[in-house]
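*Asks:* Provide a 3D model corresponding to the input given below.
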Amino acid sequence: MTQIDKTTKLATAELVMAKLDDLVIQRQAFQAEYDQVNDTLFDLLAQCLDVYLTTKGGKAEKNVLEAIKSDFAARSIEIGRQPTVLSLIVRYVFIDDKKHGRRIQSYVRALSYAIQKGETPATFADYVKSFGGIEEVVSTQGVKPATQVKRDTLKAQVSVVQNELSDAPVLAIVPAVPLVKHEETNDYTLLIGRTVLSGETEVLAVVPKATDAMIKQAIAKIADAEIEFQKSQSALAAAPTPTPAVTATIAPVPVVANVIEANVDTEAESANDTTDLDSIAA
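*Replies:* Residues are numbered from 1 along each chain as shown. All right, here's what the predicted structure looks like:
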């Protein structure tokens with residue numbers, strides 16, 4: 001093998017840095033365009049809010065809504081049974097022949113939350129920017145306090161689990177298999193196993209091409225299980241101790257901890273978890 005001399009290394013490094021500097025310039029141009037696009041979007045939504053505020057409850061409200069509905073009917077656009085005035089206005093401005101229901105729904109929800117907070121067309125853009133964007137407004141403002149606490153707790157526990165995994169001792173080495181290529185793996189991978197009567201797990205295979213999303217979902221599930229385990233332990237400790245005829249001490253088995261140390265997850269991915277595992281994993 002030919003040894004690369006120092007001059008060649010420096011020249012290669014200079015080429016790489018020149019490429020990176022060029023990418024920085026491109027990113028700055030993109031960022032300026034992106035910010036401008038967002039500003040335009042926020043301005044359009046603010047104007048929709050202005051139309052809503054001047055139309056809602058006004059003398060021309062009925063005529064405006066009939067005109068919008070007539071236009072939708074002519075274009076075969078379904079509007080639902082009881083669309084709100086705000087929804088009709090926003091959909092009229094943003095909808096086209098394609099389906100953009102989810103995006104438009106986010107716009108409507110963001111405007112609704114702004115109205116509830118007393119925002120005006122003049123303050124709407126700053127209101128959205130204070131959260132970081134439309135989706136951030138939607139994901140935070142419509143959440144009940146109890147749900148937000150649950151999300152924050154899970155997010156914190158995910159960080160704990162990630163630290164535990166980074167320091168966990170290696171319990172076993174799974175041999176390399178043809179289905180799993182090293183360059184296609186992440187820092188972690190997923191294993192599938194079979195639980196036996198003793199409570200132990202027999203590792204059967206490595207899950208090929210485990211994605212970042214799958215691994216984050218698995219870690220979030222471990223974190224969620226830890227939270228539930230901690231709750232059960234707290235409830236057990238808080239429960240009144242009966243006075244039995246014969247006193248016996250039973251040491252609880254830290255099942256979740258064992259799972260974490262083994263770094264084994266029997267569920268690769270859950271498409272629609274009811275809690276907030278997907279949002280935390282994201």
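*Asks:* alpha carbons only for contacts and neighbour counts from here, please
*Replies:* OK.
*Asks:* Distance of residue 55 relative to residue 73?
*Replies:* 21 Å (C-alpha to C-alpha, to the nearest Å).
*Asks:* Mind checking which of these two has more residues around it?
*Replies:* For residue 55 versus residue 73, the count of surrounding residues by other C-alpha atoms under 10 Å is larger for residue 55: 19 against 12.
*Asks:* Disregarding flanking residues, what is the spatial nearest neighbour of the more buried one?
*Replies:* With sequence-adjacent residues excluded and distances taken as C-alpha to C-alpha, 6 or more residues apart in numbering, residue 55 is closest to residue 61, at 5.3 Å.
*Asks:* ok, that neighbour - how many residues close by?
*Replies:* Using other C-alpha under 10 Å: residue 61 sits among 15 other residues.
*Asks:* before we move on, what about residue 109?
*Replies:* 20.
*Asks:* before we move on, what about residue 106?
*Replies:* Residues within reach of residue 106, counting by other C-alpha under 10 Å, total 17.
*Asks:* now do residue 85
*Replies:* If you count neighbours by other C-alpha under 10 Å, residue 85 ends up with 17.
*Asks:* Okay, now the unreliable bits of the chain?
*Replies:* Scanning the chain for pLDDT under 70 picks out 1-4, 96-100, 143, 180-186, 241-282.
*Asks:* which residues of it fall in strands?
*Replies:* Using DSSP state E, the strands of the chain run over 190-195, 201-207.
*Asks:* Go through the ones you listed and pick out the most buried.
*Replies:* Mean neighbours per residue, mean count of other C-alpha atoms under 10 Å, is largest over the strands of the chain for strand 190-195, with a mean of 16.
*Asks:* which neighbours does that strand have in its sheet, and in what orientation?
*Replies:* Take DSSP bridges as the rule and strand 190-195 pairs in its sheet with strand 201-207 (antiparallel).
*Asks:* Alpha carbons only: can I get the partner strand in PDB?
*Replies:* In PDB, the C-alpha atoms belonging to strand 201-207 read as follows (Å, rounded to 0.1, in the frame of the first residue of the first chain):
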ATOM      1  CA  THR A 201     -34.500 -14.100  26.200                       C
ATOM      2  CA  GLU A 202     -33.000 -16.300  23.500                       C
ATOM      3  CA  VAL A 203     -31.500 -14.000  20.800                       C
ATOM      4  CA  LEU A 204     -32.400 -15.300  17.400                       C
ATOM      5  CA  ALA A 205     -31.400 -12.800  14.800                       C
ATOM      6  CA  VAL A 206     -30.200  -9.300  14.100                       C
ATOM      7  CA  VAL A 207     -32.800  -7.100  12.400                       C
END
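*Asks:* Could you list the residues in contact with that strand?
*Replies:* Here strand 201-207 makes contact (C-alpha atoms under 8 Å, 6 or more residues apart in numbering) with 180, 189-196, 268.
*Asks:* and which of those is nearest residue 107?
*Replies:* Residue 107 has its nearest neighbour among those in residue 268, at 33.5 Å by C-alpha to C-alpha.
*Asks:* Break the chain into its domains for me.
*Replies:* Domain assignment for the chain by automatic domain parsing gives 6-141, 145-239+248-281.
*Asks:* What degree of burial does residue 47 show, as a neighbour count?
*Replies:* Around residue 47 there are 17 other residues, counting by other C-alpha under 10 Å.
*Asks:* no wait, residue 229
*Replies:* Count around residue 229 with other C-alpha under 10 Å applied: 16.
*Asks:* now it: how far from residue 236?
*Replies:* Applying C-alpha to C-alpha to residue 229 and residue 236 gives a distance of 11 Å.
*Asks:* and if you look at residue 159?
*Replies:* Taking C-alpha to C-alpha, one finds residue 159 at 25 Å from residue 236.
*Asks:* residue boundaries of the helices in the stretch 151-282 of the chain?
*Replies:* 212-238, 255-262, 277-281 (DSSP state H, counting those that start in this stretch).
*Asks:* Of all the residues in the longest one, which ones are buried?
*Replies:* If I follow you right, that is helix 212-238. Within helix 212-238, the residues that qualify as buried are 212, 214-227, 229, counting by 16 or more other C-alpha atoms under 10 Å.
*Asks:* Just the closest of these to residue 84, please.
*Replies:* Within these, distances to residue 84 taken as C-alpha to C-alpha reach their minimum at residue 217, with 36.2 Å.
*Asks:* Measure how buried the closest residue to residue 108 other than its chain neighbours is and give me the count.
*Replies:* Among residues not flanking residue 108 along the chain, residue 87 sits closest, at 5.9 Å (C-alpha to C-alpha, 6+ apart). Residue 87: 20 surrounding residues under other C-alpha under 10 Å.
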